[in-house]
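Asks: 3D model of this:
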Amino acid sequence: MKSFLQNKISYETFFEWSILLFVFTLPLWRNVNTVLLWPIVLCWLFVSDWKTKIRILRQNKTSFILIILLHFLFWIGLLFTDNVKDGFRDIERTLGLVIFPLIILSVDNKYFKIKKIISFLGAGLFLGMIICWYYVIEDIFSKTDPLEQAKYFFHWVYNHRRLLSPIDIHPSYFGIMIVFFLSVVIFHKSFEDFRKKRVLFITTLLLFLLFIVETTSRISFVLFIIIALSSMFLEFNIKKIALTVGTILLIILLSFKFEYLSTKFQKGLDSDGNIGFERVQRWEKIVEVFFDSGDYVFGTGSGDVDKIYVEAYKRGMFELALKEKYNAHNQFLEFFISNGVIGISFYLIVLTIFFLKTRNKKICVDFLLIILLFSITESIFGRSRGIFFFSFFFSVLATKFWKSNSSEKILIDLD
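Replies: Okay, here's the model as predicted:
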């Protein structure tokens with residue numbers, strides 16, 4: 001009996017640590033992060049008996065069914081596609097939409113301590129930043145005139161994809177993880193003691209804000225400002241308002257210093273006041289080609305979306321998008337093309353129900369804002385990193401904060 005209890009405690013400890021290590025590597029190398037998923041699966045098999053797992057899963061059945069059905073959309077898309085190989089590739093890539101809810105929503109939520117999870121996410125982000133800065137500094141000192149080369153720190157040479165190439169992650173995905181981390185650290189009660197350590201807190205804030213700007217991710221930049229402003233209006237507090245306004249001003253000033261980011265924003269409107277983002281123009285062509293296909297009710301199928309994109313890029317003469325085989329860079333549009341009105345409607349329903357069930361917790365509202373706006377500019381389920389981020393935190397926040405009735409005001413705290 002004693003041996004059994006000791007083994008159970010060991011499994012529980014390993015399970016919790018495997019979760020934290022997975023979160024720690026989420027912003028780092030994809031292969032390492034994927035490998036660390038399997039210790040979670042293995043420990044989950046032993047942390048509780050199957051009867052208990054089924055009972056807890058029934059308690060979380062609504063959130064579980066919703067996210068599982070998101071994965072099921074890719075199976076439905078397989079029925080309407082001619083390219084079965086690519087359809088199965090999409091199913092394989094989105095298995096995280098099954099694995100995480102199955103594991104997280106079938107065990108006691110005591111294993112998912114929000115403060116620890118966010119702290120490990122922050123630690124992983126910080127390690128990623130250190131690695132990237134190391135390569136930048138190494139490159140600067142490898143030049144004949146390091147002081148002259150250092151001037152390019154604020155230019156495209158050391159920003160965007162070049163900056164994050166050592167850890168092989170898309171700048172926008174790294175950026176939104178920083179935004180999510182900062183939204184908790186700056187505004188939530190569980191990090192109140194950390195905020196009291198002024199020097200450490202301000203240093204952390206400055207370093208992470210600097211890196212957001214260095215990624216040149218416009219959506220991360222905009223998301224941080226929106227979340228900061230929403231937090232300021234939710235709780236009238238002079239100190240928090242001063243901190244919020246100061247932080248927003250700082251990140252705006254930094255954006256002017258980094259030429260590549262400011263240039264990207266300037267391209268948003270042309271001289272006539274028209275939208276200058278090529279991405280928006282690509283969306284228009286994609287929708288045009290899609291409606292010509294006549295498959296807008298059920299979609300083209302998950303394996304045939306590339307055919308629509310190729311034809312759209314040819315019509316619009318988007319040479320770079322055609323050469324690089326760009327996806328839609330819009331998750332709503334991705335679901336619309338692959339699964340028609342049914343797909344995009346269901347995705348909106350999932351996000352809406354999540355909001356209605358968790359709206360009394362600001363961490364959930366912030367997460368939803370990130371997913372909602374990020375889905376407008378990126379195909380979040382087109383990358384395993386996006387799937388892992390969405391599925392893991394959706395499930396964790398659901399098991400911690402999902403309520404049958406959410407009539408309370410939004411609270412800036414964490415349980």
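
Asks: ok, then the element right after the lowest-mean-pLDDT helix or strand in the chain?
Replies: Every helix and strand in the chain was compared by mean pLDDT, DSSP states H and E; the lowest is helix 259-266, with a mean of 52. Using DSSP states H and E, the helix or strand that follows helix 259-266 in sequence is helix 278-293.

Asks: list the buried ones in that next one?
Replies: 279, 281-283, 285-287, 289-290 (16 or more other CB atoms under 10 Å). Placement of C-beta: from N, CA and C, glycine included.

Asks: could you point out which element follows it?
Replies: Criterion used, DSSP H and E; the element after helix 278-293 is helix 305-316.

Asks: Number of residues surrounding T203?
Replies: 11 (other CB atoms under 10 Å).

Asks: how near is it to K307?
Replies: Distance from T203 to K307, counting by CB to CB, to the nearest Å: 50 Å.

Asks: go on, F221?
Replies: 34 Å.

Asks: Please say which of those two ends up with more neighbours.
Replies: In this comparison of F221 against K307, neighbours counted by other CB under 10 Å, the higher total goes to F221 at 23 against 18.

Asks: Buried residues of the helix or strand harbouring that one, list them for me.
Replies: Applying DSSP H and E as the criterion places F221 in helix 218-234. In terms of neighbour count (16+ other CB under 10 Å), helix 218-234 has its buried residues at 218-221, 223-225, 227-228, 230-232, 234.

Asks: One more: stretch 162-177?
Replies: Quick answer for stretch 162-177 (16+ other CB under 10 Å): 162-164, 166-167, 169-177.

Asks: Just send those back as a markdown table, with pLDDT too.
Replies: As requested, those are arranged in a markdown table below (pLDDT from 0 to 100):
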| residue | pLDDT |
| --- | --- |
| R162 | 84 |
| L163 | 84 |
| L164 | 87 |
| P166 | 91 |
| I167 | 92 |
| I169 | 91 |
| H170 | 90 |
| P171 | 90 |
| S172 | 90 |
| Y173 | 93 |
| F174 | 94 |
| G175 | 93 |
| I176 | 94 |
| M177 | 95 |
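
Asks: I'd like those as JSON lines, with distance to N60 appended.
Replies: Shown next, in JSON lines, are the buried residues of stretch 162-177 (distance: CB to CB, whole Å):
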{"residue": "R162", "distance to N60": "42"}
{"residue": "L163", "distance to N60": "39"}
{"residue": "L164", "distance to N60": "35"}
{"residue": "P166", "distance to N60": "38"}
{"residue": "I167", "distance to N60": "33"}
{"residue": "I169", "distance to N60": "30"}
{"residue": "H170", "distance to N60": "31"}
{"residue": "P171", "distance to N60": "34"}
{"residue": "S172", "distance to N60": "30"}
{"residue": "Y173", "distance to N60": "27"}
{"residue": "F174", "distance to N60": "30"}
{"residue": "G175", "distance to N60": "30"}
{"residue": "I176", "distance to N60": "25"}
{"residue": "M177", "distance to N60": "25"}
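
Asks: Keep only those of those residues that are in helices.
Replies: Within these, residues falling in helices by DSSP state H are 162-164, 171-177.

Asks: which one of these is nearest T399?
Replies: M177 (20.3 Å; CB to CB).

Asks: didn't that closest one look like it was pressed against F389?
Replies: Yes. Using CB atoms under 8 Å, M177 is in contact with F389, at 6.8 Å.

Asks: Now list whatever residues contact both of these two.
Replies: L26 (CB atoms under 8 Å, 6 or more residues apart in numbering).

Asks: can you list the weak-confidence ranges in the protein?
Replies: Applying pLDDT under 70 to the chain flags the ranges 1-9, 152-157, 232-244, 246-248, 250-277, 294, 403-415.

Asks: hmm, who's touching stretch 368-380?
Replies: 172-173, 176, 179-180, 218-219, 222-223, 226-227, 230, 279, 327-334, 347, 351, 354-355, 358, 386-387, 389-390, 394.

Asks: Centre of the chain to that stretch, how far?
Replies: 8 Å (CA atoms, centre = their mean, to the nearest Å).

Asks: Return that stretch as CSV; C-alpha atoms alone will do.
Replies: Taking Å, rounded to 0.1, in the frame of the first residue of the first chain, the C-alpha atoms of stretch 368-380 are listed here in CSV:
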residue,chain,number,x,y,z
LEU,A,368,-9.8,35.1,-26.1
LEU,A,369,-8.8,38.6,-27.4
ILE,A,370,-5.5,37.2,-28.5
ILE,A,371,-7.0,34.2,-30.3
LEU,A,372,-9.7,36.3,-31.9
LEU,A,373,-7.5,39.0,-33.3
PHE,A,374,-4.6,36.7,-34.1
SER,A,375,-7.1,34.5,-36.1
ILE,A,376,-7.7,37.6,-38.3
THR,A,377,-4.0,37.9,-39.3
GLU,A,378,-2.7,34.3,-39.0
SER,A,379,-3.9,30.8,-39.8
ILE,A,380,-3.3,29.7,-36.3
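
Asks: returning to what we had before: same list, the buried residues of helix 278-293, but as JSON lines with distance to L20 please.
Replies: Rendered in JSON lines, the data for those read as follows (distance: CB to CB, whole Å):
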{"residue": "R279", "distance to L20": "36"}
{"residue": "Q281", "distance to L20": "43"}
{"residue": "R282", "distance to L20": "39"}
{"residue": "W283", "distance to L20": "39"}
{"residue": "K285", "distance to L20": "44"}
{"residue": "I286", "distance to L20": "40"}
{"residue": "V287", "distance to L20": "42"}
{"residue": "V289", "distance to L20": "45"}
{"residue": "F290", "distance to L20": "42"}
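
Asks: so which of these comes closest to W402?
Replies: For these, the nearest to W402 is W283 (33.0 Å; CB to CB).

Asks: these two touch, right, F15 and L45?
Replies: No. The pair F15 / L45 is not scored as a contact, 9.7 Å apart, by CB under 8 Å.

Asks: Mind checking which of these two has more residues around it?
Replies: Comparing F15 with L45 by other CB under 10 Å, the one with more neighbours is F15, at 22 against 12.

Asks: Without its sequence neighbours, what residue ends up closest to the more buried one?
Replies: C43 (3.8 Å; CB to CB, 6 or more residues apart in numbering).

Asks: Relative to W283, how far out is the one you found?
Replies: According to CB to CB, C43 and W283 sit 43 Å apart.
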